[in-house]
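*Asks:* make a model of this:
(2 chains)
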Amino acid sequence: GAGVSQSPSNKVTEKGKDVELRCDPISGHTALYWYRQSLGQGLEFLIYFQGNSAPDKSGLPSDRFSAERTGGSVSTLTIQRTQQEDSAVYLCASSFYRVGTEAFFGQGTRLTVV
Amino acid sequence: KNEVEQSPQNLTAQEGEFITINCSYSVGISALHWLQQHPGGGIVSLFMLSSGKKKHGRLIATINIQEKHSSLHITASHPRDSAVYICAVSGLYGGSQGNLIFGKGTKLSVKP
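*Replies:* Just a heads-up that it's a prediction; the model follows:
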């Protein structure tokens, strides 16, 4: 597609359920980032994929959070046993892997845990 | 101290006013991004700067690498400019290349 695509755009789930959030990066972009923005907070780094390298998971807040990137393209962020504090907008971005290149953002997935 | 600081946090302006949002950073960077986030949550990349100045329509972004400071200017502001403007930097630091560090954003409200 022309831009970074995320799905679903909105997700309401019950506390304790698992959720999967999807990100389709721009074709050819080797770097993919996940961020989240809790209500009233700034953007928080979660995880970073670069090509075939091991991902940088240093931002994942707990072991309930995991992410995969299949075939160097689509990425899925999984949150297990969701908690109310997981409610946030989850944003995905992608870029070519060159230092300083522009990152393109998806529209985000608004997750609400009730 | 946050690595990326924005000011002001909130800004209210009258339509037509010239607006400036500032961003200061403390890490070595290779690029600085200005992003716009509308109330619906979507983020649009406005500019990526590594030096000098860029202009797009009524928006102007400048960066001073020596002073580690960037400004985003909006000329002839309009209510549709109301959004959160976010400064982010990218560079080589720590063990995570390509990571972006975000400022907390500046919430702009332009009144008609």
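*Asks:* same question for stretch B:62-80: list its buried residues.
*Replies:* With burial defined by 16 or more other CB atoms under 10 Å in any protein chain shown, the residues of stretch B:62-80 counted as buried are B:62-63, B:68, B:70-74, B:77. For the C-beta atoms, the positions are set from N, CA and C on the backbone; glycine is no exception.
*Asks:* which two in the residues you listed are spaced the farthest apart?
*Replies:* Maximum pairwise distance in these, criterion CB to CB, is 26.4 Å, between B:68 and B:77.
*Asks:* per-residue pLDDT, the closest residue to residue B:55 other than its chain neighbours?
*Replies:* Once flanking residues are discounted, residue B:55 sits nearest to residue B:61: 7.9 Å by CB to CB, 6 or more residues apart in numbering or on different chains. The predicted local confidence for residue B:61 comes out at a pLDDT of 97.
*Asks:* ok, residue B:61 touching residue B:69?
*Replies:* No - between residue B:61 and residue B:69 there is no contact under CB atoms under 8 Å: 11.7 Å.
*Asks:* can you give me the strands for chain A?
*Replies:* Counting by DSSP state E, chain A has strands at residues A:5-7, A:10-13, A:19-24, A:31-37, A:43-50, A:65-69, A:75-79, A:88-95, A:104-105, A:109-113.
*Asks:* show me what the residue nearest the centre of chain A is bridged to.
*Replies:* Relative to the mean C-alpha position of chain A, the nearest C-alpha, by CA atoms, centre = their mean, is the one of residue A:34, at 3.3 Å. Beta-bridge pairing for residue A:34 (DSSP bridges): residue A:47, residue A:92.
*Asks:* for residue 14, give me its contacts.
*Replies:* All of this is about chain A. Residue A:14 is in contact with A:82, A:113-114, counting by CB atoms under 8 Å, 6 or more residues apart in numbering or on different chains.
*Asks:* could you do chain B instead?
*Replies:* Residue B:14 makes contact with B:77, B:110-111 under the criterion CB under 8 Å, 6+ apart.
*Asks:* and with 7 Å instead?
*Replies:* Residues counted as contacts of residue B:14 (CB atoms under 7 Å, 6 or more residues apart in numbering or on different chains) are residue B:111.
*Asks:* report all helices and strands that the worst-scoring helix or strand of chain B on mean pLDDT contacts.
*Replies:* Across the helices and strands of chain B, mean pLDDT, DSSP states H and E gives its lowest value to strand B:100-102, namely a mean of 81. Counting contacts by 3 or more CB pairs under 7 Å, 6 or more residues apart in numbering or on different chains; DSSP states H and E, the secondary-structure elements packed against strand B:100-102 are strand B:83-90.
*Asks:* what angle separates the strand it packs on from strand A:88-95?
*Replies:* Compare the direction of strand B:83-90 with that of strand A:88-95 by axes from the mean of the first three to the mean of the last three CA atoms, to 10 degrees and you get 50 degrees.
*Asks:* and strand B:83-90, what other elements does it pack with?
*Replies:* In this structure, strand B:83-90 packs against strand B:4-7, strand B:19-25, strand B:31-37, strand B:100-102, strand B:106-111, with contacts taken as 3+ CB pairs under 7 Å, 6+ apart.
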